[in-house]
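Colleague: A structural model of the following input is requested.
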Amino acid sequence: MLIRKEQDLDPIQTEVFDIMVGYDVEQKIRRKQHATKRLLEARRAIERHQEEKELMTWLDRESWFDDER
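Modeller: Purely as a prediction, here's the structure:
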């Protein structure tokens, strides 16, 4: 729906236009929130993997020292 500057909108047209614009804004916000949530989940998964990797290194060192005794 293309609106020209010289075209006057009646109240119903204005309300419909506002609803459509508002809906688009809400959808963009939801998509952004979803993308942010996915990014944070991915970042946490990477952190968890690195923590487990570091922990395994320490556990392997501990068991290595136990074998020497």
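Colleague: from Arg38, how far out is Gln50?
Modeller: Here the distance between Gln50 and Arg38 works out to 19 Å (CB to CB, to the nearest Å). Every C-beta, even on glycine, is put in place using the N, C-alpha and C of the backbone.
Colleague: just give the number of residues close to Val16.
Modeller: 13 (other CB atoms under 10 Å).
Colleague: check His34 too.
Modeller: Burial of His34, expressed as a neighbour count using other CB under 10 Å, amounts to 10.
Colleague: show the model's pLDDT score for it.
Modeller: Note on His34: pLDDT of 98.
Colleague: please identify the helix or strand for it.
Modeller: For His34, the host element (DSSP states H and E) is helix 11-68.
Colleague: where in the protein is pLDDT low?
Modeller: Flagging of the chain using pLDDT under 70 yields the residue ranges 1-7, 61-69.
Colleague: closest to the centroid, which residue in it?
Modeller: Thr36 (1.6 Å; CA atoms, centre = their mean).
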